[in-house]
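K.L.:
Quick one: sequence and predicted model below, then my questions.
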Amino acid sequence: MIILNKKAQISIEYLILTGFILLVVIVPAIIFLTSLANKSVYGSVNTQRANSLGEGLVNNAKQMYYLGLYSKKIVEYDMPQNVKSMFMVKLDDGVEVYYYISIIIDDGKETQKHFFASDVPLMSDPSSDYVSSSFGTSSPYIPECSTAVCDFYYFTDSAIRPGKKKFKIETILDTSANPSEVKASIIPILD
């Protein structure tokens, strides 16, 4: 009988030790995997919102441009979290002119740069409360601007806060260009 009790005691001790080790290993592993999954989901949702915003603005600008002068449309998109900067850029390398919409997201750990090329000329209205302009300057996000002429239309902080944002997209005649040129104008609208 005494041998049976010692074996039972050792078995129970092994079960307790095994349970404790599993608890110490499994609980932190679950917490780690959950936080990793949440970060991945958060990052992919934010990236998807940035892609939806950039591609949507480019596609709607193209649609308005091909509908003709003075075509107008109001669109609404979800602005992603942690947008550090959002701007449109006209890059003129002396041979060709390129237009882009850019969304820079910085969550403190990494910086994501999203660039969306436009087939149609883009501009904005710097007299709007939510747009500022900078012509002939360089950018830390676009190294080509050190050798090319870049004109920027920056959307202000109030226009890039997270949440639903409306944009007015219309085709206008840009009389500041020589010769005058029809362009798609994108202006944030805040209620």
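P.N.:
Yes, it's here.
K.L.:
pLDDT score for the most centrally placed residue in the chain?
P.N.:
Per C-alpha atoms, centre = their mean, the C-alpha nearest to the average position across the chain is that of residue 50, at 3.4 Å. As predicted, residue 50 sits at a pLDDT of 94.
K.L.:
cool, and residue 175?
P.N.:
87.
K.L.:
how about the helices in the chain?
P.N.:
Ranges of helices within the chain are 2-67, based on DSSP state H.
K.L.:
So which helix or strand of it has the lowest pLDDT on average?
P.N.:
Ranking every helix and strand in the chain by mean pLDDT, DSSP states H and E puts helix 2-67 at the bottom, with a mean of 82.
K.L.:
give me the number of residues near residue 87?
P.N.:
The number of residues packed near residue 87 is 22, by other C-beta atoms under 10 Å. For every residue, glycine as well, the C-beta is placed using N, CA and C.
K.L.:
so what's it up against?
P.N.:
Listed by C-beta atoms under 8 Å, 6 or more residues apart in numbering, the contact set of residue 87 reads 101, 102, 152, 153, 154, 155.
K.L.:
ok, these vs residue 185, which is closest?
P.N.:
Nearest to residue 185 among the contacts of residue 87, counting by C-beta to C-beta, is residue 153 at 9.3 Å.
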